[in-house]
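Undergrad: just coords:
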């Protein structure tokens with residue numbers, strides 16, 4: 001997530017997670033904004049995001065969601081990983 005645009009629920013953007021620890025996401029990767037817009041438009045400095053992966057085999061795991069490239073705007077089909085939802089800084 002970079003630049004000066006309004007983050008809205010459902011937007012797909014990139015976030016720099018930095019170095020990974022254990023099974024947490026690492027480096028720069030796509031995320032989908034999950035937090036409600038009333039909070040995204042507030043003075044809160046964070047928003048809730050769910051990481052996306054291109055490892056399509058993860059779509060078979062419970063609660064993970066297949067996201068077609070045509071819907072996300074990404075170059076590849078993806079899988080949303082809700083068990084890795086996390087708060088991130090909006091100022092990126």
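TA: That came through, no problem. This is a predicted model, so every value here is computed, not measured.
Undergrad: just checking, what packs against whichever helix or strand residue 79 is part of?
TA: Under the criterion of DSSP states H and E, residue 79 resides in strand 78-80. For strand 78-80, the helices and strands in contact under the criterion 3 or more CB pairs under 8 Å, 6 or more residues apart in numbering; DSSP states H and E are strand 46-53, strand 65-67. In short, each C-beta sits where N, CA and C put it, glycine included.
Undergrad: may I have the strands that pair with that strand, each with its orientation?
TA: Here strand 78-80 is paired, per DSSP bridges, with strand 46-53 (antiparallel), strand 65-67 (antiparallel).
Undergrad: now it: average pLDDT?
TA: Strand 78-80 shows a mean pLDDT of 97.
Undergrad: what residues does that strand touch?
TA: Residues from elsewhere that reach strand 78-80 (CB atoms under 8 Å, 6 or more residues apart in numbering): 30, 32, 50-56, 58-59, 64-67, 69, 72.
Undergrad: which of those are buried?
TA: Neighbour counting over the contacts of strand 78-80 (16 or more other CB atoms under 10 Å) leaves 30, 32, 50-53, 64, 67, 72 as the buried ones.
Undergrad: pLDDT weak spots in this protein?
TA: For the chain, the stretches flagged by pLDDT under 70 are 1-5, 24-26, 91-92.
Undergrad: center of it - which residue?
TA: Most central residue of the chain, judged by C-alpha distance to the mean C-alpha position with CA atoms, centre = their mean, is residue 31 at 1.7 Å.
Undergrad: in a strand, that residue, correct?
TA: Yes. Assessed by DSSP: H, G, I helix; E, B strand; the rest coil, residue 31 belongs to a strand.
Undergrad: following the strand holding residue 79, which helix or strand comes up?
TA: Moving toward the C-terminus from strand 78-80, the next helix or strand (DSSP H and E) is strand 86-89.
Undergrad: show me what that next one is packed up against.
TA: Packed on strand 86-89, when contacts are counted by 3+ CB pairs under 8 Å, 6+ apart, are strand 46-53.
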